[in-house]
Each structure stands twice: as structure tokens, then as C-alpha cells.
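# coords below, sequence missing:
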């Protein structure tokens with residue numbers, strides 16, 4: 001996540017600014033709190049001349065609005081070839097307001113995770129695809145990169161702050177350009193064509209066979225207006241097939257929204273009846289957003305048929321109070337697309353023992369019949385928040401341990417609906433990968449299996465999970481320690497493995513050979529990308545960041561692998577359905 005109030009800076013000047021201090025939203029210490037209580041209130045640490053401006057979440061503000069209808073203008077059309085756009089990265093390297101729950105003091109070094117997997121199996125396949133993605137020097141606009149990506153029938157698209165790279169499956173870069181270049185320079189897209197500010201997401205929508213690329217933008221960070229810039233391809237060909245472009249104003253006057261709020265950390269999911277999106281909303285109350293008030297979570301449902309045809313967008317939206325933070329919409333791929341009538345599930349990591357879920361049911365023909373219900377409490381194994389992660393050189397980097405990491409993956413293996421997700425935790429003082437499979441989605445979702453992967457002293461964090469059509473699962477993540485430079489690894493489980501265990505061993509996409517030393521700047525992530533190939537529904541594609549040289553120039557890598565039964569359809573069998581009390 002990177003929200004930047006733009007200023008022109010030399011690289012030297014930027015490093016000096018980072019050394020002096022950056023804007024950040026950080027957690028208060030977690031130590032001493034009852035595990036059944038909400039995660040500690042967020043506060044924004046704004047370092048401007050040594051000043052700090054804190055604020056807290058309000059655990060009593062549990063308000064929720066029912067879905068309402070909003071409208072956005074028709075899309076702007078582009079029918080050219082993206083290879084004809086300027087193939088250059090951002091001219092400026094910028095920093096500004098960073099909304100980030102980082103810098104924890106509350107990790108318990110004596111806490112031993114109750115579902116810890118302290119040994120690893122073996123035999124996970126090595127990467128099939130393994131190629132370089134975008135980097136800071138050529139394509140980045142600051143730290144962190146917010147690396148994201150998805151795979152389509154013939155292309156892989158990667159996004160970072162604030163550029164887009166399009167590759168063929170062999171890893172050849174076909175086109176690359178900035179978000180500002182990507183969005184046409186028209187009055188209705190003024191912010192999106194000149195002031196894109198980060199938090200990019202790219203999705204391939206299996207239902208329509210279209211690509212969706214988004215990030216946020218504004219020209220006045222204190223007062224707005226604030227936009228989610230949305231691009232939708234006209235065909236499955238993202239290079240020469242044409243695009244529709246929207247600038248979605250995120251303000252809808254209501255009892256929840258009395259002023260324009262910045263839509264931070266947006267997350268999107270593909271669903272059977274539309275595209276769902278969430279964001280954390282902030283009221284910037286001072287110049288440069290040097291002070292801000294948290295205003296809760298906003299949820300949108302976007303009408304697919306309108307999006308893919310460039311029509312005026314009649315979306316539906318709802319709001320949650322400031323007791324809640326960083327919801328993920330459920331996301332489905334290929335054969336897992338849910339049947340009509342299935343609500344979208346929204347998940348939040350509420351405490352160290354509870355997951356919250358909501359159900360959003362949208363009726364496009366009769367919006368008054370749409371509904372938002374929840375939250376429902378689901379008990380999870382207790383965990384400890386992870387602190388920042390060490391490197392051999394440079395500062396410790398953020399773990400973002402307080403939130404679920406996208407995607408909130410929906411599956412239907414053997415007809416059984418399930419949700420899978422991951423986040424970072426701490427065991428014996430080191431960051432580790434916690435993961436879950438939830439079932440009983442029609443009632444109160446419950447844990448079917450869960451585990452924490454930490455087979456040695458290396459820290460593992462900032463994961464992303466995917467599940468193939470057989471029920472095999474994979475998770476990609478960063479790995480680092482005081483003696484191991486940050487690199488990219490992955491692990492997983494096959495459908496026949498014992499519950500709660502990632503028993504396939506660990507593989508490396510790329511070993512890091514450098515650490516981040518951006519003037520003491522500790523931002524990392526803010527997320528990774530994992531998706532399932534729409535062609536076979538069983539090849540995992542993934543991307544995240546690493547360093548090949550100690551310094552400030554982050555690198556990204558794109559990889560893929562599949563379990564052995566992916567290439568042998570005769571092996572497509574399923575684990576018998578079992579139930580738990």
C-alpha cells in the first residue's frame with residue numbers, strides 16, 4: 001500500500017526524507033490484552049518535524065448500513081494497442097502518507113503457536129515459470145511495491161506502485177507503462193490519468209473472460225475527491241483488445257459518510273454476480289494528510305454486465321463502523337465460481353482468537369432486496385502478532401500481521417464450499433505463516449483445518465494463498481532472517497495430506513542476495529499475489545518482491561508450479577467429505 005502526496009524528489013532527497021521519517025499508521029502494542037478482545041486500536045504515527053498524531057479504532061462503533069445504489073458515468077473507450085503507449089516508468093520517486101499497521105511492540109517471544117508445524121515434508125515441485133517482473137529503478141514509484149499479479153489464457157499481468165507489466169506465459173515482457181499513461185487523458189479521468197497513487201490490483205475474471213486493473217487516485221489528498229480508477233478489458237487480449245476506463249468517485253453522502261474519505265488498501269474479488277471491493281476509509285484532516293480520522297470500512301458490488309460493456313455503472317455499496325478494519329471480499333476462480341444466489345463472504349481478522357465474516361447478497365434487479373448481514377464470529381486457534389522482520393543489513397521490515405492477506409479464496413472441491421486465507425503470526429519470536437480452511441459457509445463458518453508453518457528459525461511472512469480444482473493448496477511468502485536476505489519461497493499441501501499440515505516441503509522461487517536499506521525505511525509488501533491458471537485450474541502463479549543487491553532498488557519475481565496430478569487428468573479424484581462436530 002502506498003498513498004503518496006506527490007512531490008518531485010531526487011533519489012538522494014527521497015532517501016534523506018525516509019531517514020528523517022515517513023508517515024505511517026501503526027498498531028499499538030498488543031501485550032497484556034485479553035485474546036478475546038478486538039485487535040488493538042490502530043493509531044496513525046505521522047512524523048513531521050517530530051510530531052506524532054495518533055488515533056484509535058472505536059470498538060463500540062459497530063454500525064452497519066444496508067446496501068444502497070450509487071452511480072458512475074459511462075466508461076471512456078480505448079481501442080488501440082498498449083504497445084503504442086510510452087513504455088517508460090514513473091519519472092518521480094515519491095513518498096507521502098502511509099496508512100500501515102506496522103512497527104509492533106507486542107509480539108510475545110515466549111508464545112508457542114498451538115497449531116505449529118515445526119517440521120516440513122518434501123517433494124513440492126520446483127518452479128515451472130520463473131522470470132523477472134518490474135523493479136523500482138525502472139518502474140517503481142516508491143516503497144513498498146504493492147506487488148500483485150494474475151494469469152489469463154495467454155498473458156500474465158503484474159502491477160506495482162505505479163506501473164503495469166504485461167507478459168506472455170514464457171516471461172517475455174510485451175508491454176509496460178505507468179497507470180497515468182494507461183488511463184486516457186480526458187476530463188472524466190483527470191485524476192486517473194495524472195495522479196494515480198498506488199494500491200494496485202489486477203484480476204482476470206473467469207466469468208466474463210476480461211481483465212480488471214485498479215488503483216486509487218486524487219489531486220488533493222486532504223480534500224479529495226478520491227477515486228478508484230478501474231480499467232476493464234474488452235476482450236481476453238489485454239494488449240490489443242481494447243479497454244474501458246472508469247473513475248469511481250468513492251464518496252456517497254449518507255449517515256456514514258459526511259465528508260469525502262480516502263479509500264485506502266482496496267481489495268477486490270471475482271464473484272458469480274459481479275466484482276466486489278472493500279477499502280478502509282480515512283478523513284484527511286490536515287494538509288498532506290498529516291492528520292487523519294479513521295471512518296470505517298466501505299464495501300462495493302460492481303455490476304459485471306455494465307463494467308464489461310462500458311455502460312454507466314450502477315453499483316451498490318454499504319458501510320461498516322470504525323470497530324472493523326481491512327475486510328477481504330471472497331474471490332473465486334474457474335470451476336470454483338459459486339452458483340447463483342451465493343452471497344459474497346467478507347472476512348476480517350477481529351482478534352487473536354476470532355475471525356469475523358459478513359454475507360453480502362446483491363439483487364441487481366431489485367436493489368431494495370439486497371442485504372448485508374453479520375458479523376459472525378468464528379473461533380480460530382490463538383496466535384501472537386508478529387513483530388517486524390530482521391534482515392542481514394538495513395532495518396527490520398514490516399510484517400502487517402494484523403490483517404488477512406488477499407485473496408479470501410473460495411473453493412468448491414467435490415461440491416463442498418470452503419474459504420481459504422492466510423496471515424502472518426509469531427511463534428517463539430519469529431514470523432510464521434498461519435493458514436485456514438473454513439467450511440459450513442451456509443451457517444456459522446467453522447475451521448475445517450488450520451496450521452502455522454514455521455519449520456526452522458527463518459521468518460516467513462506476507463503470504464498469499466491459492467487452491468486448485470483438486471483441493472491442493474499453495475502459499476507464497478517472503479522469507480528472511482538476520483543471516484538470510486529476503487527471498488521468495490512457497491509451500492503447500494495435497495488434498496490427501498493430513499489435515500492441518502503443509503506436507504509438501506518448501507521450494508524457492510528466488511533467493512535474495514540483498515536487503516532493503518532505504519534510509520531506515522521498513523515498508524515491505526504490502527501484499528503478494530497468488531492465482532490459479534484459468535486454462536487448467538491447477539497451475540499456481542504467484543509474485544512478490546525481493547532484493548538482489550543491498551540498497552533501495554526492490555525487484556519482483558513471477559513464478560508458477562503445479563502438483564503432479566495437474567498433468568494427469570486420470571488422477572482427478574477427491575478426498576471424501578468428512579464432518580466435524
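Happy to help now that I have it. Values in this document were obtained by computation on a predicted structure and should not be read as measured data.
# against residue 404, how distant is residue 432?
Computed as C-beta to C-beta, to the nearest Å, the residue 432 to residue 404 distance reads 15 Å. C-beta coordinates here come from the backbone N, C-alpha and C atoms, glycine included.
# the two: who's more crowded?
residue 432 (29 against 21; other C-beta atoms under 10 Å).
# where's the more buried one, which helix or strand?
Here residue 432 sits within strand 430-439, counting by DSSP states H and E.
# from residue 452, how far out is residue 438?
Counting by C-beta to C-beta, the gap from residue 438 to residue 452 is 16 Å.
# for the most centrally placed residue in the chain, which non-adjacent residue is spatially closest?
The structure's the chain has its C-alpha centroid closest to residue 406; by C-alpha atoms, centre = their mean the separation is 4.2 Å. Of all residues not flanking residue 406 in the chain, residue 267 sits nearest, at 5.2 Å (C-beta to C-beta, 6 or more residues apart in numbering).
# whatever helix or strand the one you found lives in - what's its average pLDDT?
Following DSSP H and E, one finds residue 267 within strand 262-271. Mean pLDDT, strand 262-271: 96.
# who does it pair up with?
Strand 262-271 pairs in its sheet with strand 274-284 (antiparallel), by DSSP bridges.
# partners of the helix or strand just after the partner strand in the sheet?
Proceeding N to C from strand 274-284, the next assigned helix or strand is strand 292-302, under DSSP H and E. As defined by DSSP bridges, the strand partners of strand 292-302 come to strand 274-284 (antiparallel), strand 313-320 (antiparallel).
# now distance to residue 247, mean neighbour count and mean pLDDT too, for these, in CSV please.
Converted to CSV, those look like this (distance: least, C-beta to C-beta, whole Å; neighbours: other C-beta atoms under 10 Å; pLDDT from 0 to 100):
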stretch, distance to residue 247, mean neighbour count, mean pLDDT
strand 274-284, 14, 24, 96
strand 313-320, 10, 22, 97
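# what's the closest of these to residue 418?
Taking C-beta to C-beta, strand 274-284 is the member of those nearest to residue 418, at 17.9 Å.
# hang on, isn't the residue nearest to the centre of the chain packed against residue 464?
Yes - applying C-beta atoms under 8 Å, one finds residue 406 in contact with residue 464, separated by 6.6 Å.
# need the overlap of contacts for the two.
Taking C-beta atoms under 8 Å, 6 or more residues apart in numbering as the criterion, residue 406 and residue 464 both touch residue 527.
# any idea how far stretch 536-556 is from the chain center?
The chain centre lies 15 Å from the centre of stretch 536-556; the measure is C-alpha atoms, centre = their mean, to the nearest Å.
# excluding its backbone neighbours, what's nearest residue 153?
Nearest residue to residue 153, sequence neighbours excluded (C-beta to C-beta, 6+ apart): residue 236, at 5.5 Å.
# in contact with the one you found, which residues are there?
Residues near residue 236 by C-beta under 8 Å, 6+ apart: 152-154, 209-211.
# how close does residue 64 get to residue 264?
In terms of C-beta to C-beta, residue 64 sits 20 Å off from residue 264.
# no, scratch that, I was asking about residue 123
41 Å.
# between those two, which one's more packed in?
Legend: neighbour count by other C-beta under 10 Å for residue 123 and residue 264, higher for residue 264 (24 against 11).
# quick check: beta-bridge partners of that one?
Where residue 264 sits in a bridge, its partners, by DSSP bridges, are residue 280.
# that one reaches residue 199, doesn't it?
Yes - counting by C-beta under 8 Å, residue 264 touches residue 199, with 7.1 Å between them.
# tell me where the chain has helices.
For the chain, applying DSSP state H gives helices covering 11-20, 136-139, 179-182, 304-307.
# which residues does the last one contact?
Same thing as helix 304-307. 75, 205, 207-208, 210, 212, 230, 232, 244, 246, 273-275, 311-314.
# again, 7 Å this time
207-208, 232, 274-275, 312-314 (C-beta atoms under 7 Å, 6 or more residues apart in numbering).
# so who does residue 192 touch?
Counting by C-beta under 7 Å, 6+ apart, residue 192 makes contact with 183, 217, 227, 229, 247.
# with adjacent residues omitted, what lies nearest to it?
residue 229 is the one closest to residue 192 (C-beta to C-beta, 6+ apart), at 3.7 Å.
# mind listing what that neighbour touches?
Applying C-beta under 7 Å, 6+ apart, the residues contacting residue 229 are 179, 183, 192, 196, 214-217, 247.
# what separates it from residue 201, distance-wise?
11 Å.
# spit out the residues that contact these two alike.
Common contacts of residue 229 and residue 201 (C-beta under 7 Å, 6+ apart): residue 214.
# so where's this protein uncertain?
The model of the chain has pLDDT under 70 over residues 1-55, 94-106, 518-520, 567-581.
# again, only this time at 50
1-35, 41-54, 96, 101-104, 569-581 (pLDDT under 50).
# in contact with residue 488, which residues?
So residue 488 contacts 476, 478, 509-510, 544, 546, 557 (C-beta under 7 Å, 6+ apart).
# nearest to residue 500, out of those residues: which one, please.
residue 476 (19.6 Å).
# hey, what's the closest one bridged with?
Under DSSP bridges, the beta-bridge partners of residue 476 are residue 464, residue 490.
# ok, it - how many residues close by?
Neighbour count of residue 476, defined by other C-beta under 10 Å: 29.
# wait, it touches residue 544, no?
Yes - at 6.2 Å, residue 476 counts as touching residue 544 under the criterion of C-beta atoms under 7 Å.
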